[in-house]
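>>> This is a predicted model, with the sequence first.
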Amino acid sequence: MEIKQLKYFIATVEEGNICAAANRLHISQPALSISIKKLEEEVGAQLFFTIGRHRYLTDAGNVLLARAYKLIDVYQQTIDDVQSINQRVQGQIRFGLPPLMGACFFGQIIPTFTKKYPDVEISIIEEGAVKLDTMIADGTLDIALSLPTKRNIGFERRHFSRQQNMVLLHRDHPLATQKRLTVADLKDERFAFFTKDFILHEQLVEACYKEGFSPKFSIMTTQWDFMAEVVSKNHGITILPRPVCESCTKKDIVTIPLEDSIMQYWDVIVIWNKARHFSHVCNLFYEHIIKNATPSDGVLQE
């Protein structure tokens, strides 16, 4: 059994079908099918069954998957240990980055890291933090940015940055002249906001429920600039962190600090799975992003 075979097997599981896995691995579908077949012959068990175009794990496949992740971790740790002796810094980092956080923080952080460590390859997976939490749990990602939730409370978590959340309204909106706003003030508004894959969506719903109402949505999207566009046309309001607001160039939008709510601050954390191997290059990357984190707004509540 070769490490390459296990990586091919894991990719097939994570992608759900041969075609997508082959594309991810940059090999042909027949070559991947042959590799999986040889692996089944070697372990003496069928690893997948197929329904339509999707492949599902058999019981034997589930057992192998758990062991495969551990074997890959041991293999990678061995490589890291050997390379560290030779003072070589190379490897791969699978980094989960919510789109909003990339826009706020990582325009300089990643380029400066890759300039310092040119032999380190960073694969960036842009998804909502809800999905990234799941990918950290199953080992698909090495490290990610997220927001504190019950889902990631068992992970290693380190503070990255805290930013004030702002309400974005059209300049002709009746609330546009206010100096401060609370969630209760927004009871009758329609939100242009993130989809349910974003933790900010969960937080908004929770904050509204605490004030005795359910939020109404004009649109739900993954793109903050689309939300700002809706606000600029006076078709809804939204809530975004201060650094994003500073990037917004819409002249018809007014930004007002949000207070007195769990939505008051955007608390960003770095997470990784302490049950899995955290490589030398991942640790270097973690230290780099913490060192270059955006200064926080307000007083942190530890």
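Great, that's in hand. Numbers count the residues shown, from 1 in each chain.

>>> Could you list the buried residues of stretch 225-245?
For stretch 225-245, a neighbour-count test (16 or more other Cβ atoms under 10 Å) marks 227-232, 236-245 as buried. Every residue, glycine included, has its C-beta placed from N, CA and C.

>>> Compute the first-to-last residue distance for it.
10 Å (Cα to Cα, to the nearest Å).

>>> Confirm that residue 244 sits in a helix.
Yes: per DSSP: H, G, I helix; E, B strand; the rest coil, residue 244 lies within a helix segment.

>>> Among the buried residues of stretch 225-245, which ones are in strands?
238-241 (DSSP state E).

>>> nearest to residue 291, of the buried residues of stretch 225-245?
Relative to residue 291, the closest of those is residue 243; by Cβ to Cβ it sits at 18.0 Å.

>>> Not counting sequence-adjacent ones, nearest residue to that closest one?
residue 104 (4.1 Å; Cβ to Cβ, 6 or more residues apart in numbering).

>>> which SSE is the one you found in?
Using DSSP states H and E, residue 104 sits in helix 99-116.

>>> got the CA coordinates for that helix in CSV?
Only the C-alpha atoms of helix 99-116 are listed here, as CSV (Å, rounded to 0.1, in the frame of the first residue of the first chain):
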residue,chain,number,x,y,z
PRO,A,99,-14.5,35.3,1.3
LEU,A,100,-15.3,38.2,3.6
MET,A,101,-12.2,37.6,5.7
GLY,A,102,-10.0,37.4,2.6
ALA,A,103,-11.2,40.8,1.5
CYS,A,104,-10.5,42.3,4.9
PHE,A,105,-7.2,40.8,6.0
PHE,A,106,-5.2,38.8,3.5
GLY,A,107,-4.2,41.1,0.7
GLN,A,108,-0.7,41.4,2.2
ILE,A,109,-0.5,38.5,4.6
ILE,A,110,-0.3,35.6,2.1
PRO,A,111,2.0,37.3,-0.4
THR,A,112,4.5,38.2,2.3
PHE,A,113,4.5,34.6,3.5
THR,A,114,5.0,33.1,0.1
LYS,A,115,7.8,35.6,-0.6
LYS,A,116,9.6,34.4,2.5
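
>>> How far does that helix sit from its chain's centre?
14 Å (Cα atoms, centre = their mean, to the nearest Å).

>>> just for this protein, where's the confidence low?
The model of the chain has pLDDT under 70 over residues 83-88, 298-302.

>>> Report the next helix or strand after the longest helix along it in sequence order.
Counting by DSSP state H, the longest helix found in the chain is helix 59-85. As assigned by DSSP H and E, the chain's next helix or strand after helix 59-85 is strand 91-96.

>>> Listing partners with orientation, what would you give for that next one?
strand 120-125 (parallel), strand 143-146 (parallel) (DSSP bridges).

>>> Quick one: closest of those to residue 51.
That would be, of the strands paired with strand 91-96 and by Cβ to Cβ, strand 120-125, which comes in at 26.4 Å.

>>> what angle sits between the next helix or strand after that closest one and strand 120-125?
Counting by DSSP H and E, the next helix or strand C-terminal to strand 120-125 is helix 129-138. Helix 129-138 runs at 130 degrees relative to strand 120-125, counting by axes from the mean of the first three to the mean of the last three Cα atoms, to 10 degrees.

>>> How far away from the center of its chain is helix 129-138?
Chain-centre distance of helix 129-138: 7 Å, with Cα atoms, centre = their mean.

>>> Could you list every helix and strand that that helix packs against?
Counting contacts by 3 or more Cβ pairs under 8 Å, 6 or more residues apart in numbering; DSSP states H and E, helix 129-138 packs against strand 91-96, strand 143-146, helix 199-210, strand 265-272.

>>> which of these sits most buried?
strand 143-146 (a mean of 25; mean count of other Cβ atoms under 10 Å).

>>> Using CSV, write down the CA coordinates of that strand.
This file holds the C-alpha atoms of strand 143-146, laid out as CSV (Å, rounded to 0.1, in the frame of the first residue of the first chain):
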residue,chain,number,x,y,z
ILE,A,143,-6.0,25.6,9.3
ALA,A,144,-8.8,28.1,8.8
LEU,A,145,-10.3,31.4,9.9
SER,A,146,-13.7,31.2,11.5
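
>>> Each with direction, which strands does the following helix or strand past that strand pair with?
Per DSSP H and E, the first helix or strand lying C-terminal to strand 143-146 is strand 156-170. Sheet pairing of strand 156-170 (DSSP bridges) gives strand 238-241 (antiparallel), strand 253-259 (antiparallel), strand 265-272 (antiparallel).

>>> does residue 192 sit in a helix, a strand or a coil?
Residue 192 - assigned by three-state DSSP - is strand.

>>> That one: how many residues sit nearby?
24 (other Cβ atoms under 10 Å).

>>> repeat for residue 38
Using other Cβ under 10 Å, residue 38 has 14 other residues around it.
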